[in-house]
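[1] how does the following fold in three dimensions:
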Amino acid sequence: MSSVEIKKEVLVWAIERAGFTPSDLEIKFPRIHEWIQGESQPTLKQLENFAKSTRTPFGFLFLKKPPTEKLPIPFYRTNNNEQQEVVQSVSPELRDTIYLMQRRQLWMKEHLVEIGAEPLPYVNSVKLEEAPEMVSQKIRNTLNLDEDWASKLPTWEHALQFLRDTIENIGVLVTLNGIVGNNTRRKLSTNEFRGFVLVDEHAPLLFVNNADFKAAKIFTLIHELAHIFIGKSAAFDLREMLPANNKLELFCNQAAADFLVPKSQLLDYWTVAKKTNEPFHNLAGKFKVSVLVVARRALDLSLVDKSSFIEFYYQYQKDERRMRTNKGGGGDFYKNQNLRVGRRFATAVMQAAKEGKVSYHEAFRLTGLYGKTFDKYAASIEQGGL
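    Sure thing, here's the model as predicted:
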């Protein structure tokens with residue numbers, strides 16, 4: 001079979017874009033080093049397999065030089081003062097997840113416009129010049145929550161689920177997933193990102209990396225909601241639960257912190273709590289957030305120094321990983337779809353398919369659920385299960 005001439009710069013770009021090295025691929029492609037050195041060229045079939053292995057659009061491999069791709073949204077990194085937009089610096093998993101969420105958002109927006117839904121009034125309703133505490137209060141008002149809403153819930157795990165449902169009820173698409181779609185072989189790394197926001201006046205979307213510790217998810221969720229109120233899409237890593245050195249990210253973090261742990265209440269409780277052996281655990285029960293969120297808020301208010309917080313953060317990570325290892329298991333597949341697809345989005349797509357407004361083929365593509373799996377999940381939603 002005849003070979004295909006491919007520029008070695010493009011091959012190297014595709015390998016690095018996928019987060020690999022040539023050595024990672026040499027078992028599947030024994031002549032990969034020869035291709036890169038220009039000593040031989042792949043066949044068309046080999047090139048097709050190479051494109052699949054590196055998750056590279058096949059046509060890109062025939063370019064004369066590597067393309068310059070950009071993420072559709074800014075990417076703010078904690079250890080980088082500048083937003084990062086070049087796709088080569090992110091994984092195919094993050095990139096493909098953003099594109100998948102954009103497709104879902106576009107469908108939902110068109111669906112809502114078609115049925116005459118009005119734009120959501122809170123999207124892009126605040127300015128960076130406002131005090132973060134004022135914004136956190138606006139968020140509470142929109143969610144119809146008072147300042148001590150969490151005190152009515154038994155645990156912070158219940159608080160996370162309650163917030164997710166409440167945010168969906170005001171018109172936001174909420175997705176929590178730790179893999180690309182339902183592909184368990186394509187995991188999302190929390191070292192790369194914790195979440196992203198796609199702002200739209202009809203169908204705003206929040207995506208939380210579900211591979212993250214439960215303790216951090218609630219903070220990410222409200223940080224993202226603040227982005228919607230400001231009207232700015234973005235991806236972020238929130239490394240060590242700290243924002244990028246960027247005005248927008250700092251603002252959203254402050255608003256999220258005040259929403260979850262109001263300053264006045266924490267200061268009232270701190271005098272007593274700091275005298276206990278475990279002050280963060282003492283306060284976590286009062287605010288129904290994890291000890292990690294309390295520690296993060298204490299850092300905001302200079303009640304602890306940064307080195308103490310970082311030490312506590314990594315010890316918490318170590319303990320959480322140990323608990324995950326001991327627990328094991330991946331949970332119920334169909335219940336997981338409420339997180340991976342989002343109940344609000346899934347309900348809209350499944351109803352549209354039932355009414356013939358969208359083909360079942362398109363409904364399968366949008367939800368990532370096919371055939372009997374789609375039918376079983378749809379039936380469970382209709383019956384009010386899961």
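[2] residues near N169, how many?
    Neighbourhood size, N169 [other Cβ atoms under 10 Å]: 11. (C-beta placed from N, C-alpha, C; glycine too.)
[3] three-state assignment of the nearest residue to Y76 once chain neighbours are set aside?
    Leaving out its chain neighbours, the residue that sits closest to Y76 by Cβ to Cβ, 6 or more residues apart in numbering is A244, at 3.9 Å. Here A244 is recorded as coil under DSSP: H, G, I helix; E, B strand; the rest coil.
[4] from memory E157 sits against K214, does it?
    Yes - assessed by Cβ atoms under 8 Å, E157 is found in contact with K214 at 6.5 Å.
[5] and the residue nearest to Y76, how many neighbours?
    25.
[6] try I139
    22.
[7] contacting residues for it?
    Residues in contact with I139 (Cβ atoms under 8 Å, 6 or more residues apart in numbering) are 222, 225-226, 229, 255, 259.
[8] in stretch 280-287, which residues are buried?
    Neighbour-count burial for stretch 280-287 flags 280, 282-284, 286-287 (criterion: 16 or more other Cβ atoms under 10 Å).
[9] oh, that last question was meant for stretch 210-229, not what I typed.
    Residues 210-213, 215-229 are the ones in stretch 210-229 that count as buried (16+ other Cβ under 10 Å).
[10] and what of stretch 351-370?
    So, applying 16+ other Cβ under 10 Å, buried residues of stretch 351-370: 351-353, 358, 363-369.
[11] tell me the spacing between N253 and N245.
    11 Å (Cβ to Cβ, to the nearest Å).
[12] who has more neighbours, the two?
    N253 (23 against 14).
[13] which secondary structure element contains that one?
    Using DSSP states H and E, N253 falls within helix 247-260.
[14] averaged pLDDT, that helix. What do you get?
    For helix 247-260, mean pLDDT rounds to 93.
[15] please apply the same query to stretch 113-121.
    96.
[16] check the offset of it from the chain's centre.
    25 Å (Cα atoms, centre = their mean, to the nearest Å).
[17] mind saving the C-alpha coords of it as CSV?
    The C-alpha trace of stretch 113-121 is given here as CSV (Å, rounded to 0.1, in the frame of the first residue of the first chain):
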residue,chain,number,x,y,z
VAL,A,113,-36.4,30.3,21.7
GLU,A,114,-38.8,28.2,19.7
ILE,A,115,-41.2,27.7,22.6
GLY,A,116,-41.1,31.4,23.4
ALA,A,117,-38.9,31.4,26.5
GLU,A,118,-37.8,34.8,27.7
PRO,A,119,-34.1,35.6,28.4
LEU,A,120,-33.0,35.0,31.9
PRO,A,121,-32.8,38.4,33.7
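[18] alright, that wraps it up for me.
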